[in-house]
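*Asks:* Got a predicted model here, sequence first, then my questions.
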Amino acid sequence: MGWIEFAVAMVVFMASHRIPAMLGVKDALVARLGTRGYMAVFSLLSLGLLWWVIAAAGRAPYVELWEQTRAARWGVNVVMPFAGLLTVLGVGAVNPFAFEGRAEGYDPEQPGIAGVTRQPLLWALLLWSGAHLWANGDVAHVLLFGVFAVFSLAGMAIVERRRRRVMGAAEWQRLTRHTSSVPFVALIGGRGRFGPLPWARIVGALVAWAVLWHLHAPVIGVTPLP
């Protein structure tokens with residue numbers, strides 16, 4: 001039963017991110033709720049399904065591939081604040097290149113989070129899945145976090161290709177000249193810009209990380225302490 005629940009949870013989670021767009025459900029909900037309303041509903045649904053997938057992985061039979069180490073647990077604690085920061089800075093932000101962003105008000109001279117990375121949420125998902133993959137070496141969690149890591153990398157390529165096709169090569173070049181897909185590459189290379197720091201979002205991200213850190217043990221059932 002454990003493996004069946006895990007497989008069903010994974011299929012439902014992945015389908016929830018593909019089927020609505022394919023069947024036109026996303027466009028209908030955006031028209032009714034607005035972009036921010038849709039993102040709020042979709043985020044709550046995704047969090048609920050993600051909790052189910054993680055819980056189902058914990059209930060699947062334990063088959064160890066490698067041992068968990070203290071270094072891996074420290075790695076998760078170091079990476080997760082950055083993943084949380086990218087998530088909060090990315091969701092609903094002015095960023096026409098990411099599915100979680102919005103195009104209204106974008107200034108290519110002050111690209112905001114896109115000046116750090118054009119795909120903040122997918123990079124946050126990759127950091128989360130990669131760090132947890134290192135720390136969880138049983139078959140169920142390797143499948144769980146491995147699938148999410150591949151999903152993140154594939155999603156970046158798909159979203160970037162789709163947005164470039166819609167915008168056209170010349171407009172894409174104009175809008176992305178101060179941005180990069182890989183975090184901080186444009187800033188380190190001297191062509192990146194950010195603009196005014198969104199301190200409210202930054203503080204909110206750190207508070208959210210602290211809350212989630214304390215909820216990890218009672219909700220997930222595993223302490224995040226190294």
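*Replies:* Done, it's in. Predicted, not measured: the structure shown is a model, and the values here were computed from it.
*Asks:* C-terminal to the helix or strand of the chain with the lowest mean pLDDT, what's the next element?
*Replies:* Here the helix or strand of the chain ranked lowest by mean pLDDT, DSSP states H and E is helix 19-22, holding a mean of 71. Counting by DSSP states H and E, the next helix or strand C-terminal to helix 19-22 is helix 25-59.
*Asks:* List the buried residues in that following helix.
*Replies:* If you call a residue buried by 16 or more other CB atoms under 10 Å, then helix 25-59 has these buried ones: 29, 35, 38-39, 42, 49-50, 52-54, 56-58. All C-beta spots, glycine's among them, are computed from the backbone N, C-alpha and C.
*Asks:* List the buried residues for stretch 74-94?
*Replies:* Buried residues in stretch 74-94 (16+ other CB under 10 Å): 75-76, 79-94.
*Asks:* Let me see the mean pLDDT of it.
*Replies:* Mean per-residue pLDDT for stretch 74-94: 94.
*Asks:* Same question for stretch 107-120.
*Replies:* Here the average pLDDT along stretch 107-120 is 94.
*Asks:* ok now it, how far from the chain's centre?
*Replies:* Remark: stretch 107-120 is offset 16 Å from the chain centroid, using CA atoms, centre = their mean, to the nearest Å.
*Asks:* Report the separation between the two terminal residues of that stretch.
*Replies:* End-to-end distance of stretch 107-120 (CA to CA, to the nearest Å): 17 Å.
*Asks:* residue ranges with poor pLDDT in the chain?
*Replies:* For the chain, the stretches flagged by pLDDT under 70 are 1, 21-23.
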